[in-house]
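Participant: After the sequence you'll find the predicted model.
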Amino acid sequence: MEIYHLQYPQHITIDEKGPFSLAIGFFDGLHKGHQAVIGEALKNGDRLGIKSAVMTFDPHPSHLFSDGKNKVGYITQYPEKSRLIEEIGIDVLFIVKFDWSLASLSPEQFIEIFIKGLGVKHVSAGFDFTFGSKGSGTMEQMDTLSNGEYGTTVVGKVTDIDEKVSSTLIRKLLSEGDVEKTASLLERPFRTVGTVVDGEKRGRLLGFPTANVQHDDESIIPANGVYAVKFLLSDQSYDGVCNIGVKPTFHDPSVSKPSVEVHLLDFNGDLYGKKVAIDWIARIRAEKKFGSVDELVEQISKDKETAKEILNGY
Ligand SMILES: Cc1cc2nc3c(=O)[nH]c(=O)nc-3n(C[C@H](O)[C@H](O)[C@H](O)COP(=O)(O)O)c2cc1C
Ligand SMILES: Nc1ncnc2c1ncn2[C@@H]1O[C@H](COP(=O)(O)OP(=O)(O)O)[C@@H](O)[C@H]1O
């Protein structure tokens, strides 16, 4: 997959101008709804015998507006996002910088530069996609302003038991620790990527060494609690049990920053500095403060058994 980083007005041209069948949207999470939109771009690309492309924006608009006070956390960050788009079979990815210059373009200017200007011959987007200054451009306008230069496909609401599948719904489910429902909306487990860093060196003393995974601050993680997970290291996948939290047994919960730590069920080795990923499979319980270290150790043994049973079928 070819990747172009575009920024208005400095970088808005590409080596080979289309023709493209384009899916456009922010696509945070690449959930079922996003997959339907991107699927349309693929289908129309095949039908027209042209390359398929995705256009997405960076950062998320909420990082620009209201001085970033209502920033949303990312469900899927680059480069994981590009990897997933490539896996779907898309030929070209445009990552457009979302800054004030871009956000100030009128819908007409946006179309001239980023649709017609790139040689797009078909545009697919969700029914509620908006573009141009203050999000004033709609897909109806996208169609009207084409003047026959490109076709459009609007994908209707994708639902899951009557609820609109959306990035907002997924952020809410993750904040409740519902990784199972999240996986059903993503059609894959929710994934956190990061690096194994030093912890407090207490895990090995308890008999449960835990790899402390540091993730990007702008990515969201599930609610504090204990989870059955798949731990990915290079091309290998290991079963694990993970605690996200502040370890209230040892710390004052109001002053600690949550850590993500995975105990691998069948592993012995050094993981420090390794780039890893965690696939969240099921929530086991909430994190709690134990009266003694022995009680905590007993509970972690039980969590390990629970995780083993859950992961048995995966
Ligand atoms: C499966 C699992 C469950 C855990 N549950 C709790 C918990 O409920 N309360 C708590 O205070 N700490 C909990 N912990 C965190 C341990 O206290 C932690 O692993 C230990 O302090 C080691 O930390 P370190 O890796 O930074 O040395 C849990 C850890 C694991 C692996
Ligand atoms: N089964 C295992 N699960 C997780 N980490 C393990 C395991 N076996 C060995 N390790 C290693 O031990 C480290 C964790 O030990 P721990 O005492 O919890 O130290 P820290 O507090 O630095 O995380 C991991 O980062 C990894 O390098």
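Facilitator: Done, it's in. Ligands and ions are numbered 1, 2, ... in the order given.
Participant: contacts, neighbours, all on C-alpha from now
Facilitator: Fine.
Participant: what does the stretch 51-200 of the chain have sitting close to ligand 1?
Facilitator: The stretch 51-200 of the chain comes close to ligand 1 at residues 199-200, as judged by Cα under 6 Å from any ligand atom.
Participant: tell me which element the residue of the stretch 51-200 of the chain found nearest ligand 2 falls in.
Facilitator: Ligand 2 sits closest to residue 199 of the stretch 51-200 of the chain, with a gap of 3.1 Å, by Cα to the nearest ligand atom. Assigned by DSSP states H and E, residue 199 belongs to no helix or strand.
Participant: give me the number of residues near it?
Facilitator: Neighbourhood size, residue 199 [other Cα atoms under 10 Å]: 15.
Participant: Skip the chain neighbours and tell me the closest residue to it.
Facilitator: residue 212 (6.0 Å; Cα to Cα, 6 or more residues apart in numbering).
Participant: Residue 62 now?
Facilitator: residue 71 is the one closest to residue 62 (Cα to Cα, 6+ apart), at 4.9 Å.
Participant: what's around that neighbour, how many residues?
Facilitator: Per other Cα under 10 Å, the neighbour tally for residue 71 reads 16.
Participant: Tell me which residues touch it, please.
Facilitator: Residue 71 makes contact with 60, 62-63, according to Cα atoms under 8 Å, 6 or more residues apart in numbering.
Participant: Now for residue 89: which residues touch it?
Facilitator: residue 42.
Participant: and it, what pLDDT?
Facilitator: Note on residue 89: pLDDT of 97.
Participant: ditto for residue 15
Facilitator: pLDDT at residue 15 comes out at 84.
Participant: Same check on residue 61?
Facilitator: On pLDDT, residue 61 comes in at 89.
Participant: doesn't residue 96 make contact with it?
Facilitator: No. Using Cα atoms under 8 Å, residue 61 makes no contact with residue 96, being 11.5 Å away.
Participant: middle-most residue in the chain, spatially?
Facilitator: Centrality entry for the chain: nearest residue to the mean C-alpha point is residue 76, 1.6 Å, by Cα atoms, centre = their mean.
Participant: most neighbours, which of the contacts of residue 71?
Facilitator: Taking other Cα under 10 Å as the neighbour criterion, residue 60 ranks highest of these with 20 neighbours.
Participant: check contacts around that one.
Facilitator: Taking Cα under 8 Å, 6+ apart, one finds 26, 71-72, 98 in contact with residue 60.
Participant: now, which of these sits nearest residue 19?
Facilitator: Set against residue 19, the nearest of the contacts of residue 60 by Cα to Cα is residue 26 (21.5 Å).
Participant: Which helix or strand contains the closest residue to that closest one other than its chain neighbours?
Facilitator: Nearest residue to residue 26 in three dimensions, chain neighbours excluded: residue 56, at 5.0 Å (Cα to Cα, 6+ apart). Taking DSSP H and E as the definition, residue 56 sits inside strand 51-58.
Participant: just residue 28 next, same as before
Facilitator: Counting by DSSP H and E, residue 28 is part of no helix or strand.
Participant: Any idea how many residues pack against it?
Facilitator: 20.
Participant: mind checking how far the closest residue to residue 159 other than its chain neighbours is from residue 27?
Facilitator: Spatial nearest neighbour of residue 159, excluding adjacent residues (Cα to Cα, 6+ apart): residue 165 at 5.3 Å. Note on residue 165: its distance to residue 27, by Cα to Cα, to the nearest Å, is 12 Å.
Participant: okay but residue 281 is in contact with residue 230, surely?
Facilitator: Yes. Between residue 281 and residue 230 there is a contact under Cα under 8 Å: 7.1 Å.
Participant: For the chain, which helix extends over the most residues?
Facilitator: Longest helix in the chain, counting residues (DSSP state H): helix 293-311.
Participant: what's the model's confidence in that helix, averaged?
Facilitator: Averaging pLDDT along helix 293-311 gives 97.
Participant: likewise stretch 130-145?
Facilitator: Here the average pLDDT along stretch 130-145 is 94.
Participant: Name the residues that touch that stretch?
Facilitator: With contact meaning Cα under 8 Å, 6+ apart, stretch 130-145 is reached by 102-111, 125, 127-129, 151-152, 154.
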